[in-house]
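> Provide a 3D model corresponding to the input given below.
(4 chains)
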2 protein chains.
Amino acid sequence: MDVVVFSFRQAEGIRVLLCKRRSEPFKHRWALPGGSLQYDESLERGVQRILESRTMIKATYMEQLHTFGKPDRDPRGRIISIAYMAIAKPERINLAEDESGEIYWYNIRRIPDLAFDHRRIIQAAIVKLKNKIWNDLLCFEMLEAKFLFSDLEILFNSLQDKPVERRNFRKKVLSFGILEELQDQIVGRRGRPAIYYRFNRTKYFELRDRGYNFYLPQG
Amino acid sequence: MDVVVFSFRQAEGIRVLLCKRRSEPFKHRWALPGGSLQYDESLERGVQRILESRTMIKATYMEQLHTFGKPDRDPRGRIISIAYMAIAKPERINLAEDESGEIYWYNIRRIPDLAFDHRRIIQAAIVKLKNKIWNDLLCFEMLEAKFLFSDLEILFNSLQDKPVERRNFRKKVLSFGILEELQDQIVGRRGRPAIYYRFNRTKYFELRDRGYNFYLPQG
DNA sequence: ACAAAAGTGTTCGATATACACCCATGT
DNA sequence: ACATGGGTGTATATCGAACACTTTTGT
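Residues are numbered from 1 along each chain as shown, chains lettered A, B, ... in the order given. This is a model prediction of the structure:
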């Protein structure tokens, strides 16, 4: 199994977690965190176990991506990879200072050469992430509990070429009625202070279950 | 691997191909066509081979659905199923006269008790089919080369409770510019004769590649 | 005062929605 | 003639697209 773990911070953009391989094949190449499923664990538990044992990072969201099974995808023989897509909150990111370590968060626009077919897997995960963010508001899984509207804006912008139109974007997102404005303001920065928002998950699920459509235009 | 094969005919609606199991476990229960992947074949080829050997039916469209891996999903032990969704054209359907045979097309609203977790797999496939039909016009994969607008209408109606509004539906679908009106008319039926249409796949792909959005409203 | 970032309203065009009658054939 | 299924047009409401200036703070 392999996992594509994404995280987001305003300063760094969207990043993917990679591990440097310690053994052949592709020794010293960067690769997705991965490993073998144990006999009696579910797929989800297996992915969690592998991720945590390899990287000490816990995913806050996880979903099956695709199963990759080309006969020649692994030089060791017939190995099928059930790939998962996951999201980790930025507060969990405190390892890996630079690329010289064993683990590193790479910006999705600057992925190095990877082992196996892992580049393809990441591409597939990015496509899925995009869809989920635009259609299912998965964006809120990528933000901290309190966030600024500019965080959201930058998150969306890091997934497409043309930036969103701020006024329309704001209007539409707020119209869903799933954000709570906090009294808190961010200070100590230049410019007008921004308002913090919180995601109301309960309301979101309520609407979702009633078939409400969270599609965001201008994607 | 297991396959959920769908087909459609105006008279019968959307149906799923099921096989009666010949061996334990779940002997004599209905189940999805399935089998084991061979060492050196790709997932797609494996599914095709299994489907054809079990049922003599060739799928005209195929796509990976999901991998099901609960530890207890198979009483024989840890068996993971990579499930595919497929579509067969109605002209391929000429076996299986009734439910007493080995193979039968069951209407998706009248699925019997199934072996393993196959009911879940079918549910997942139906959700995916719905999405694909509404957003990617997968509907045309389910129709014959020549078809009537009423075929389309009935196909859409068999996936949702409220019927589509005929005038709006027609207007929207025609606005995509991917249908060609044929000179042919259907005869020998009561009522005003209907016009045959043909799907222009080339135009469809052209538009698709330019990011055209084939979303159909009122879903 | 100025630079930097946050916030806001309106107009216009496109498209989804709602709705009811006429048409062409077989019987 | 009538029953059956096929085909069509228009008016209204909603929503997406486009667009530029004001506000509030730090320096």
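
> which residues touch the helix or strand that contains A:Ile126?
In this structure, A:Ile126 sits in helix A:118-136 according to DSSP states H and E. Outside helix A:118-136, the residues that touch it by C-beta atoms under 8 Å, 6 or more residues apart in numbering or on different chains are A:2, A:4, A:6, A:14, A:16, A:31-32, A:63, A:65-66, A:68, A:81, A:83, A:85, A:108, A:111, A:113-114, A:138-139, A:142, A:155-156, A:159-160, A:214-216, A:219. Heads up, the C-betas are built off the backbone N, CA and C, glycines and all.

> Restricted to helices, list these.
Those of these mapping onto helices are A:Leu155, A:Phe156, per DSSP state H.

> Filter the contacts of helix A:118-136 down to just the buried residues.
A:2, A:4, A:6, A:14, A:16, A:31-32, A:65-66, A:68, A:81, A:83, A:85, A:108, A:111, A:114, A:138-139, A:142, A:155-156, A:159, A:214, A:216, A:219 (16 or more other C-beta atoms under 10 Å in any protein chain shown).

> Can you tell me which of the residues you listed end up in strands?
Per DSSP state E, strands hold the following members of these: A:Asp2, A:Val4, A:Phe6, A:Ile14, A:Val16, A:Ala31, A:Leu65, A:His66, A:Phe68, A:Ser81, A:Ala83, A:Met85.

> Of the residues you listed, which is the nearest to chain B?
Ranked by distance to chain B (C-beta to the nearest C-beta), those are led by A:His66 at 6.3 Å.

> what sits opposite the closest one in the beta ladder?
Counting by DSSP bridges, A:His66 forms beta bridges with A:Ala83.

> could you measure it against DNA strand D, distance?
According to C-beta to the nearest atom of the strand, to the nearest Å, A:His66 stands 29 Å off from DNA strand D.

> contacting residues for that residue?
By C-beta under 8 Å, 6+ apart, the neighbours of A:His66 are A:Ala83, A:Ile121, A:Ala124, B:Gln64.

> Please parse chain A into its domains.
Structural domains assigned to chain A are A:2-132, A:144-209, following automatic domain parsing.

> just those: most buried one?
domain A:2-132 (a mean of 17; mean count of other C-beta atoms under 10 Å in any protein chain shown).

> sec struct for the spatially closest residue to A:Gln38 that is not a sequence neighbour, please.
Sequence neighbours aside, A:Gly46 is the residue nearest to A:Gln38 in space, at 6.4 Å (criterion: C-beta to C-beta, 6 or more residues apart in numbering or on different chains). For A:Gly46, the assignment made with DSSP: H, G, I helix; E, B strand; the rest coil gives helix.

> Tell me the residues on chain A that lie near DNA strand D, please.
A:165-168, A:172, A:187-193, A:215, A:217-218 (C-beta under 7 Å from any atom of the strand).

> what bits of chain A have low per-residue confidence?
Along chain A, segments meeting pLDDT under 70 span A:91-100, A:219.

> Tell me which residue of it lies closest to DNA strand C.
Residue of chain A nearest DNA strand C, by C-beta to the nearest atom of the strand: A:Gly191 (2.5 Å).

> is it true that that residue lies in a helix?
No - looking at A:Gly191 with three-state DSSP, it is coil, so not inside a helix.

> what about it, distance to chain B?
Per C-beta to the nearest C-beta, to the nearest Å, A:Gly191 is found 35 Å from chain B.

> Contacts only, for that residue.
With C-beta under 8 Å, 6+ apart, A:Gly191 has no contacts at all.

> do A:Phe8 as well
Applying C-beta under 8 Å, 6+ apart to A:Phe8 gives the contacts A:Ile14, A:Arg15, A:Pro90, A:Met142, A:Leu143, A:Leu155, A:Ser158.

> Wait, the second one touches A:Arg110, no?
Same thing as A:Arg15. No - judged on C-beta atoms under 8 Å, A:Arg15 makes no contact with A:Arg110 at a distance of 9.3 Å.
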